[in-house]
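Asks: what would the 3D arrangement of this be:
(3 chains)
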Amino acid sequence: MYFAKEVLSQSGELRKKWEDEVRKVVSKVPDQKERWSTVSDLEIKRLYTPEDMKDMDFARDIGYPGQFPFLRGNQVTGYRGRYWTFRMFSGMGSAEDTNRRWHMLLKEGQTGLSTAFDFPTLMGYDTDSPKARGECGKCGVAIDTLEDFLQLVDGIPMDKVTTSMTINPPASVLWAMYCAAAEMKGVPLTQIGGTIQNDMLKEFIAQKTFMCPPEPSVKLISDTVEFGTKYVPRWNTISISGYHIREAGSTAVQELAFTLRDGMEYVEDVINRKGLNVDEFAPRLSFFFNSHIDFFEEIAKMRAARRIWAKAMRDRYNARDQRSWWMRFHTQTAGCSLTAQQPYNNVVRTAVEALAAVLGGTQSLHTNSLDEVLCLPSDSAVQVALRTQQIIAEETGAASTIDPLGGSYFIEALTNEMEEQTWDYINRIDEMGGMVAAIEKGFPQLEISDAAYKFQRQIDAGEKIMVGVNKYVTDEELPIPLLEIDDKVEEDQIARLNAVRRKRDNKAVKKSLDDIKNACKKGENVMPHCIEAVKNLASVQEICDVYREVYGEYRDPGLY
Amino acid sequence: MEIGKKIKAGDIRAASRLIRDIEDSIPEAKFTIKHIFPYTGKAQVVGITGSPGAGKSTLVDGLVEANRKRNRTVGVLAVDPTSPFTGGATLGDRIRMQRHAEDPGVFIRSLATRGSLGGLSKAVGDAIHVMDAMGKDIILVETVGTGQQEVEIINYAHTVIVVLVPGMGDEIQAIKAGIMEIADIFVVNKSDREGAGKLQRELMAMLDMSPVAAGGWRPPIVTIGNSFKPEEFEQDIGKLSARIHEHYEFLVSSDLIGDRLRRKTMHELNEALRSSILEPVLNMLVSTGELDRMVEKLLKKESDPCSLAEEVARKYLQECI
Amino acid sequence: MSERKLRVMVAKPGLDGHDRGARVLARCFRDAGFEVIYTGCHQTPAQIASSAIQEDVDLVGLSCLSGAHRYLFPQVVKLLQENGAGDITVIGGGIIPDQDCQKLYDAGIKAIFTPGTPLDVIVDWIKKNVKPLE
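Replies: Numbers count the residues shown, from 1 in each chain, chains lettered A, B, ... in the order given. Prediction:
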């Protein structure tokens, strides 16, 4: 029991008195609306009291930082030893353009790099593919071959800076490029650190950047986990992502549930397919969440995430290493909460969301720039976004103490409620036979569709408010400077690619592609062959075409 | 007749517009159908039915691919339900077949039921004629798949495929809905799932108990595995294609194709009579307010439906009475 | 009795998979009483144009959030025109900066709806501007 009996009975008596008062006041000054709920439409009470925590057990449910169930954080000392990693996601135009942005960010105090790739790269096509027309460099950097990649990391100390790469279907290829580039710069694989997103399940569920069907996609992921475990120990080979699930319109609970269940699916696959012990690889699994505009819901979500994962790893998979129980996560503020109308308001939204992420105990953070709903962020907009993190860290005092909201009646009750609803979803998906089966049935996709449609209807009806969109609308818009990606980037990139094709040893390329094909067919690990192939200057598409040929192509079932 | 010529030449834009006019009951469309009617009757028509989520569209997509590999041109009519509340419809079958969107040898057209029961659209018969007149070698008709009373497809198709999946209680549903009797071929789809063997055995047992149909055709059962495994899926679809071909050959060799043709023709005539006789009379009764007055009479028990109908017949169809 | 019904297609050209808007719109169009065909993600302009013709739709709504709209949207219009279907109304939405809108209008896109547009506004625009066939 969390509170002594006396406290609870006192609370009960005082609550009745307060409720009488409330009734009186409401009869004179009615509430502004009947039902108050979070942005995810989770109903919120007027007041939370000790009674909302009466079933909690302090040691079992709350505890201390660095102790099971890690509700209050993984790190014993919180942010005092070091702040979260300031990691701004960036990438645009050519490798040279992005490299320039990276150097600027490091100079401004950013502590980790994060790469956005353009759509052809993300989907495993070369820039000159007919499917790639018009896309080159538009929302990320264009990479076709190792030559581009070497340009991207030019002057970057790969043994010191950690790099996150948001890459999914071709993760093995781009990671192979990173490994090859490190080797060529004389940095051993044991010294490089970073993350590849490499989470395909959420692509089928939400972001729709897919290539092969779910089953072989999971196989390719397990290959990278195995390779990382053996040869690149500082690398996070999956970043199990709820961000995109949320951006696709899910609720906070759906984000939590589908992401954690995805994580469990990967754990099970690596154990079953690769025969690794859970403690060999689980400490390198990392997560990635969205921080949306509903402040307390987000904080509760992140706290619940740590507790659920710790329980699942300890009790469901019998992990013994405490580091396997840790949920380490990166957070990005919510792109979908930003508005094209009155874009300067986005600075405020992002600040509130970033603060929630810090209070929720994130290990790493990207803050969106105010112009991201209009275009790729400009230099000045990125700077404001980075400064937002620096202000939270060094001016506000939010990082001074660990889990400052722990013990709040509201926060603890909300954390419990979200955890409970998450387990309900996890159990339902278990009953369907796991996440791959659930995806094939369209279950998570349709749950998200329903939530997204409901939210849009609530916005249209004025039940939920977006300032500048359905309330406080102004006719005059303040113009902001926009970054434009020149269409010439595409021409130049195609020329570069053709030059590489002319100079490389095509026989060696052919051979290394055949090796990948054989590995795929035999179910062997593709990673060593991928590194060989990229060194021979095989292109992203050439390798991905091998995957597509052997595993087949997944096509959007278009559920809505 | 300009449009007729275009359709015979395979003009997809003209054909799709004509199908639209039929769906929208535009009177001129009937004249066009009359003109193209002599050019119909060549295409092989295959119906695919089964409950929602049975994977019908993915099967159709596979059959399109298989036929294209044999250089046969394909028409697809995919029917989805109209919402009775909003009148809108989600025509969601096509999405599974989008890889064929650019193939000039494939014409995929989605139809909404617009209130008609039986798993098809009222326009489906004429839409088949249109695709037939365009010279499509094979026309695949995918029904709604509500699982209830979807037997109307036998009036249009040479071969009817009933698709079942394990673990959905489908077999019982299908028996209830009377859908088993219409099957020329059964597909046990997603056969990698638990319960596929059981479903297959139950089907066999049921077929053993059923009387053998005229001509001695016993519906074969084709199992189709995971569509996410491209090679296996293609092989399985190959088997299904072969069964479809065998059934067609059987119809021809046993001359049962004549019976099917007769049934189809009867049905068409029926439909035509309905639209040429009943509909104009109904329209007349509606526009003159007669229908409302008749309903009032019935409500007041001043008459009965039979007598009123006879009265209408005497007035408008004197020669018959 | 004859009754014209609006048929619309919601399509996602290009490699971008951000389909939240497209799916919400498809659902909204259905609820508005239209017959809706959704193509799913990752469609080429050629796939979209030929599907629109095969389905005889009155309207194609394109959604793109990757920035590739400058090439993709006009390409769909061009292919429709080349195939005798220039009468099909094409509208677009997504992350489209103001400065691109005029170019898209010039290329034959009839309306652009950017984030924050209420669904009813889009439905009303269609009801007002897209008449089913004569």
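
Asks: where does the stretch 1-150 of chain B come near chain C, residue by residue?
Replies: B:12-13, B:16-17, B:19-20, B:23-27, B:82-83, B:86-92, B:94-95, B:98, B:101-102, B:107-110, B:112, B:114 (C-beta under 8 Å from any C-beta of the partner chain). All C-beta atoms are positioned from the backbone trio N, CA, C, and that covers glycine.

Asks: in helices only, show me these.
Replies: Among the residues of the stretch 1-150 of chain B next to chain C, the members found in helices (DSSP state H) are B:12-13, B:16-17, B:19-20, B:23, B:27.

Asks: among the residues you listed, which ones are buried?
Replies: Buried by 16 or more other C-beta atoms under 10 Å in any protein chain shown: B:12, B:16-17, B:19-20, B:23, out of those.

Asks: looking at these, which one is closest to chain A?
Replies: Closest approach between those and chain A, by C-beta to the nearest C-beta: B:S16, at 20.6 Å.

Asks: so who does that closest one touch?
Replies: If you count contacts by C-beta atoms under 8 Å, 6 or more residues apart in numbering or on different chains, B:S16 has them with B:107, B:109, C:53-56.

Asks: confirm A:F86 sits in a strand?
Replies: Yes - judged by DSSP: H, G, I helix; E, B strand; the rest coil, A:F86 forms part of a strand.

Asks: any residues of chain C in contact with chain A? List them.
Replies: So chain C meets chain A at C:14-20, C:22-24, C:26-28, C:38-42, C:44, C:65-72, C:75, C:95, C:97, C:99, C:114-116, C:118-120 (C-beta under 8 Å from any C-beta).

Asks: can you flag which of these belong to helices?
Replies: Those of the residues of chain C next to chain A mapping onto helices are C:20, C:22-24, C:26-28, C:69-72, C:75, C:99, C:119-120, per DSSP H.

Asks: now the strands for the chain?
Replies: The chain I'm using is chain A. With strands called from DSSP state E, chain A shows them at A:85-90, A:112-116, A:163-166, A:194-196, A:235-236, A:238-241, A:285-291, A:329-333, A:364-366.

Asks: could you do chain C instead?
Replies: Under DSSP E, chain C gives strands at C:7-11, C:35-38, C:59-64, C:89-94, C:111-113.

Asks: do the stretch 101-250 of chain B as well
Replies: Using DSSP state E, counting those that start in this stretch, the strands found in the stretch 101-250 of chain B span residues B:106-112, B:138-142, B:159-164, B:185-188, B:221-223.

Asks: what's the angle between the first one and strand B:138-142?
Replies: Same thing as strand B:106-112. 30 degrees (axes from the mean of the first three to the mean of the last three C-alpha atoms, to 10 degrees).

Asks: run a quick neighbour tally on A:E491.
Replies: 12 (other C-beta atoms under 10 Å in any protein chain shown).

Asks: residue contacts, it?
Replies: By C-beta under 8 Å, 6+ apart, A:E491 has no neighbours at all.

Asks: about what we covered before: switch the buried ones among the ones in helices among the residues of the stretch 1-150 of chain B next to chain C over to CSV; also include pLDDT.
Replies: CSV is the format used below for those (pLDDT from 0 to 100):
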residue, pLDDT
B:I12, 95
B:S16, 95
B:R17, 95
B:I19, 97
B:R20, 96
B:E23, 94
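
Asks: and chain A, what are its domains?
Replies: According to automatic domain parsing, chain A comprises the domains A:5-59, A:63-460.

Asks: does the shortest one reach chain C?
Replies: The one in question is domain A:5-59. No - taking C-beta under 8 Å from any C-beta as the criterion, domain A:5-59 and chain C are apart, separated by no less than 14.8 Å.

Asks: ok, residue 4 - how many residues close by?
Replies: Defaulting to chain A. Around A:A4 there are 10 residues (other C-beta under 10 Å).

Asks: wait, I meant chain C there
Replies: 16.

Asks: so what's C:L133 scoring on pLDDT?
Replies: Looking at C:L133, its pLDDT is 68.

Asks: nearest residue to B:G4 other than its sequence neighbours?
Replies: B:H35 (4.0 Å; C-beta to C-beta, 6 or more residues apart in numbering or on different chains).

Asks: pLDDT score for the one you found?
Replies: 91.

Asks: same check, this time on A:N498
Replies: 97.

Asks: and it, what is it in contact with?
Replies: Contact analysis of A:N498 by C-beta under 8 Å, 6+ apart lists A:D128.

Asks: can you show me the helices along the stretch 151-300 of chain A?
Replies: Ranges of helices within the stretch 151-300 of chain A are A:171-184, A:201-202, A:214-231, A:243-247, A:252-269, A:278-281, A:295-311, based on DSSP state H, counting those that start in this stretch.

Asks: which residues of the stretch 1-150 of chain B lie near chain A?
Replies: For the stretch 1-150 of chain B, the residues in contact with chain A (C-beta under 8 Å from any C-beta) are B:53, B:90, B:92, B:95-96, B:98-99.

Asks: and the ones in helices among the residues of chain C next to chain A, which of them are buried?
Replies: Judged by 16+ other C-beta under 10 Å, buried ones among those: C:20, C:22-24, C:26-28, C:69-72, C:75, C:119.

Asks: which of those lies closest to A:Q32?
Replies: Of all these, C:L119 has the smallest distance to A:Q32: 24.8 Å, by C-beta to C-beta.

Asks: residues touching that closest one, list them.
Replies: A:456-457, A:460, C:24-25, C:28.

Asks: for the residues you listed, which one is nearest chain B?
Replies: Of these, the one sitting nearest to chain B (C-beta to the nearest C-beta) turns out to be C:C28, at 9.5 Å.

Asks: so that closest one touches C:V123, yeah?
Replies: Yes - counting by C-beta atoms under 8 Å, C:C28 touches C:V123, with 6.7 Å between them.
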